[in-house]
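Colleague: Could you work out the structure for the sequence below:
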Amino acid sequence: MDDESKQTETTQPSADADAVEAAAPESATPGSRAPSRRQAVLITAVILAVPLGYLLLSPSETQTVAARSAQNAAPGSANPAAQNLAALEAAAKSNPSAANQLNLSMGYINAGQAGRAIPLLEALTARDPGNAAAWNNLCVANTMEQSYGEGIRDCDRALAIQPDFPLAKNNLKWATDERDATIRAISVEEQTDTSKRDAPFYLTEGINFLHIGNYDEATHAWQRALEMDPHSAAAANNIGMAAMLKKQPAEAIPWFQRAIELDPTMQLAKNNLAWAESVKQ
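Modeller: Prediction:
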């Protein structure tokens, strides 16, 4: 990793923990999350690209057994990336140390599964709120998932703990740049003549508001989409998603149910409904 402006580097969360490194992109195209937003929010207006493989796992000299196992895999073996991830998962399960959990989070991110890293890192930061490395990785994962407001918050936490964390500063700039680009996109959308604002327009606008954490405006946009297209299961699902992100599962459930009524084949809404019901309990 020869371009420091594209890197993030975790620090050792404890005396015996491993350091890991990650490379972050210069830019990304907005998407969604919940638990991985791009898995739970249905986007029908446009196809949004998702950044993959920006983080490179690089354990320190005191690397975990899981990392060694992956590195020593036989050449030509089938799906080495999957084997590496399986080894990291096994290590974290047998020894849930901060180091192994950080390595596993990196494995998920490196596999393009940043959404799976987020709950792992949220649990780690809840147990150890002074872990700058975990906050840094959470910043990267949230930003990859195009949750820019949360990514900024996470990088701020990392830097509050370790002000001289230069690569966390780089990640903060990355997340901030992405948020600002989304705000500019919203500004452009606001210049669209009202006569040209159809249901797909409001679906896209809602996604952009979601990226910057403005869930109320996102909901408003999707409600407009639903007014224009009462059969839009996507809009109903996304309104439920915004409620979930506001920690309001009871309000989300009827919207997921409505999405399923509008489109009984929408597995996404069914998954979201199950998630909301489990959280409500």
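Colleague: secondary structure element for the closest residue to Tyr202 other than its chain neighbours?
Modeller: Leaving aside its chain neighbours, Tyr202 sits nearest to Ala225 (3.8 Å; criterion: CB to CB, 6 or more residues apart in numbering). In short, each C-beta sits where N, CA and C put it, glycine included. With secondary structure defined by DSSP states H and E, Ala225 is part of helix 215-228.
Colleague: For that helix, give the mean pLDDT please.
Modeller: Helix 215-228 shows a mean pLDDT of 94.
Colleague: okay, the angle between whichever helix or strand comes after that helix and helix 215-228?
Modeller: Of the helices and strands lying after helix 215-228 in sequence (DSSP H and E), the nearest is helix 233-245. Relative orientation of helix 233-245 and helix 215-228, computed by axes from the mean of the first three to the mean of the last three CA atoms, to 10 degrees: 160 degrees.
Colleague: Determine the set of other helices and strands touching helix 233-245.
Modeller: Packing partners of helix 233-245 (3 or more CB pairs under 8 Å, 6 or more residues apart in numbering; DSSP states H and E): helix 37-40, helix 199-211, helix 215-228, helix 249-262, helix 267-280.
Colleague: Single out the most deeply packed of the ones you listed.
Modeller: Most buried of the helices and strands packed on helix 233-245 by mean neighbour count (mean count of other CB atoms under 10 Å) is helix 199-211; its value is a mean of 24.
Colleague: angle of it against helix 233-245?
Modeller: 20 degrees.
Colleague: any idea how far helix 199-211 is from the chain center?
Modeller: The chain centroid and the centroid of helix 199-211 are separated by 18 Å under CA atoms, centre = their mean, to the nearest Å.
Colleague: which residues touch Ile260?
Modeller: Ile260 is in contact with Ala233, Met266, Ala269, Lys270, Leu273, counting by CB atoms under 8 Å, 6 or more residues apart in numbering.
Colleague: could you redo the last one with a cut-off of 6 Å?
Modeller: Contact analysis of Ile260 by CB atoms under 6 Å, 6 or more residues apart in numbering lists Ala269.
Colleague: Number the chain from 39, please
Modeller: New numbering, starting at 39: the last item is Ile298.
Colleague: State the distance from it to Leu123.
Modeller: 32 Å (CB to CB, to the nearest Å).
Colleague: Just the mean pLDDT for stretch 167-184, thanks.
Modeller: Throughout stretch 167-184, pLDDT has a mean value of 93.
Colleague: Please read the previous query as pertaining to stretch 126-133.
Modeller: For stretch 126-133, mean pLDDT rounds to 92.
Colleague: Repeat that for stretch 285-301.
Modeller: 94.
Colleague: Distance-wise, check the residue nearest to Tyr240 relative to Ala198.
Modeller: 39 Å.
Colleague: same check, this time on Ile291
Modeller: For Ile291, the distance to Ala198 equals 36 Å [CB to CB].
Colleague: tell me the secondary structure for Asp202?
Modeller: Secondary structure, DSSP: H, G, I helix; E, B strand; the rest coil: Asp202 is coil.
Colleague: Over to the residue positioned nearest the centre of the chain: give its phi and psi.
Modeller: Central residue of the chain (CA atoms, centre = their mean): Glu183, 2.9 Å from the mean position. Glu183 has phi and psi values of phi -80, psi 10 when expressed as degrees, to the nearest 10.
Colleague: and what of Thr303?
Modeller: Dihedral angles (degrees, to the nearest 10) for Thr303: phi -90, psi 0.
Colleague: likewise Gln229?
Modeller: Per degrees, to the nearest 10, the backbone of Gln229 is at phi -90, psi -10.
Colleague: measure it to Ala223 for me?
Modeller: 11 Å.
Colleague: swap in Gln305?
Modeller: Taking CB to CB, one finds Gln305 at 29 Å from Ala223.
Colleague: Also Glu188?
Modeller: 18 Å.
Colleague: Settle it for me: which of those two has more neighbours?
Modeller: Each of Glu188 and Ala223 has its neighbours counted (other CB atoms under 10 Å); Glu188 has more, 22 against 17.
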